[in-house]
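Asker: here is a sequence with its predicted model. Questions after.
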Amino acid sequence: MMSALVALIDANVFYPAILRDLIVQLAFARLFRARWTRRIEAEWCRNLLKNRPDISESRLATTRALMMRAVPDALVEGYEAIVTDLHLPDPDDRYVLAAAIHTQADVIVTQNLRDVPAELLGPHDIVAQHPDKFLTMLSAGAGLEVLDAVRQCRSRLVRPALSVEAYLATLERHGLASTAKFLNEHSETI
């Protein structure tokens, strides 16, 4: 059964491959309804290409296609008309809030919480959560499904394969300490 929870995923969450893969796998498992825009997609891809010259545009196009196949209803369109009416500390982030409002998201998952302050989201019945808090919340409500998703993500890592310890250490390096702690408590199943 599809969860009613709708989460707009910010570009900075998709930037690390390990987090992108986990978020998409959890959405594919129907633990929440993931949403993003072409602009969010373009932002994380542009930043990744700038910082990782070893990754090609064609490889990212394949990744984006796989993401869309896993979550075919993810793209939010038609939000642009309300962007200019919104106010955020960084005006360049207004499109994220506009897309969240347009898709009736419950949560914006972002690593930059200061860019989407609660007092500006509250009137729209939207909260912002760090990916670690979001994943911890999902784990509390659907722990077995989360563990299964992590197991599937780890099984796809073949070059190089990651031990449970290395996988958890990578999550921690990306600011997911609580998620890694939960997974460590169930390390024999992931």
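Answerer: Arrived safely, thanks for sending. Bear in mind the structure is a predicted one, so any value in this text is a computation, not a measurement.

Asker: how near is the closest residue to Arg20 other than its chain neighbours to Thr63?
Answerer: In space, and not counting its chain neighbours, Arg20 is closest to Phe14: 4.5 Å by CB to CB, 6 or more residues apart in numbering. Yep, even glycine has a C-beta here, placed from its N, CA and C like the rest. Plainly put, Phe14 is 9 Å away from Thr63 if you go by CB to CB, to the nearest Å.

Asker: okay, the two: which has more neighbours?
Answerer: Shown here are Phe14 and Thr63; by other CB atoms under 10 Å, Phe14 has more neighbours (25 against 20).

Asker: my guess is that one contacts Arg46. True?
Answerer: No: using CB atoms under 8 Å, Phe14 makes no contact with Arg46, being 11.5 Å away.

Asker: what do Phe14 and Thr63 both touch?
Answerer: Shared contacts of Phe14 and Thr63 (CB atoms under 8 Å, 6 or more residues apart in numbering): Arg20.

Asker: and Val116, how far from Ala29?
Answerer: 26 Å.

Asker: go on, Phe14?
Answerer: 17 Å.

Asker: next: Asp21.
Answerer: The gap separating Asp21 from Ala29 is 12 Å, by CB to CB.

Asker: and those two? Which one has more around it.
Answerer: The neighbour count for Asp21 versus Ala29, taken as other CB under 10 Å, is higher for Asp21 (22 against 17).

Asker: per-residue confidence at Pro72?
Answerer: On pLDDT, Pro72 comes in at 97.

Asker: tell me the SS of it?
Answerer: coil (DSSP: H, G, I helix; E, B strand; the rest coil).

Asker: next, count neighbours for it.
Answerer: 8.

Asker: make residue 1 into 13 and carry on from there
Answerer: OK, 13 is where the count begins now, so the last one is Pro84.

Asker: what does it show for phi and psi?
Answerer: Main-chain torsions, Pro84, degrees, to the nearest 10: phi -60, psi -20.

Asker: do the same with Asn124
Answerer: The phi/psi pair for Asn124 (degrees, to the nearest 10) reads phi -110, psi 70.

Asker: any idea how many residues pack against it?
Answerer: Asn124: 17 surrounding residues under other CB under 10 Å.

Asker: all helices of the chain, in order?
Answerer: Counting by DSSP state H, the chain has helices at residues 23-26, 29-40, 50-63, 69-82, 106-114, 130-133, 143-153, 155-168, 176-185, 189-196.

Asker: pLDDT weak spots in this protein?
Answerer: Within the chain, the stretches with pLDDT under 70 are 13-14.

Asker: any idea how it splits into domains?
Answerer: 18-142, 148-201 (automatic domain parsing).

Asker: how far away is Asp104 from Val95?
Answerer: Going from Asp104 to Val95 by CB to CB gives 10 Å.
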